[in-house]
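1. coords please:
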Amino acid sequence: MKATPTLLICAVLSGCFAPLLQAHPSTPDSNQRGYELLDLGTRQIEMDVRQVLPTNDTERSVLLFLGSEPKHIDEIAIESGFQIGTLSAQLLQMQLKGLVRNVGTQHYVRG
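-> Okay, here's the model as predicted:
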């Protein structure tokens, strides 16, 4: 099973890793040492989680029109009512975040 950022956050918050995080209680940075041992960086995890969530209403709206089947940008524009330029820019930003994927010839699916 692949560990996702959300699962890792839950595991850390629930105390599953408490023994490892307290590996060196005499050092002031024992928590940091534990994260290094686990190769976990809370900042990186938080960034990963933020990147996979839609951050605005436009992203949420675009995602409503996408699924696992490829859909052409023209189809998305007609269904959503977005101008093609606006939609194209939004899809590019969403691609960079990993929310959508361009599967070729301007066909998109959810990331």
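2. for this structure, what's the longest helix?
-> The longest helix of the chain (DSSP state H) is helix 84-97.
3. got the contact list for the closest residue to Leu63 other than its chain neighbours?
-> When the adjacent residues along the chain are set aside, Leu63 lies closest to Pro54, with 6.0 Å between them (Cβ to Cβ, 6 or more residues apart in numbering). Any C-beta I mention is one placed from the backbone N, CA and C, and that applies to glycine too. Residues in contact with Pro54 (Cβ atoms under 8 Å, 6 or more residues apart in numbering) are Arg60, Leu63, Leu99.
4. hang on, Pro54 is in a helix, isn't it?
-> No. Counting by DSSP: H, G, I helix; E, B strand; the rest coil, one finds Pro54 to be coil, located in no helix.
5. quick check on it: phi, psi?
-> Backbone torsions of Pro54, given as degrees, to the nearest 10, read phi -60, psi 140.
6. could you do Gly98 as well?
-> For Gly98, the backbone dihedrals are phi 90, psi 10 (criterion: degrees, to the nearest 10).
7. Three-state assignment for the spatially closest residue to Ile84 that is not a sequence neighbour, please.
-> Of all residues not flanking Ile84 in the chain, Ala77 sits nearest, at 5.0 Å (Cβ to Cβ, 6+ apart). Using three-state DSSP, the structure places Ala77 in helix.
8. which stretches of this structure form strands?
-> Using DSSP state E, the strands of the chain run over residues 71-72, 100-102, 107-110.
9. so what strands line up beside the longest one?
-> What that stands for is strand 107-110. Paired with strand 107-110 in the same sheet, following DSSP bridges, are strand 71-72 (antiparallel), strand 100-102 (antiparallel).
10. list the contacts of stretch 103-111.
-> So stretch 103-111 is contacted by 52, 63, 66-74, 76, 91, 94-95, 97-102 (Cβ under 8 Å, 6+ apart).
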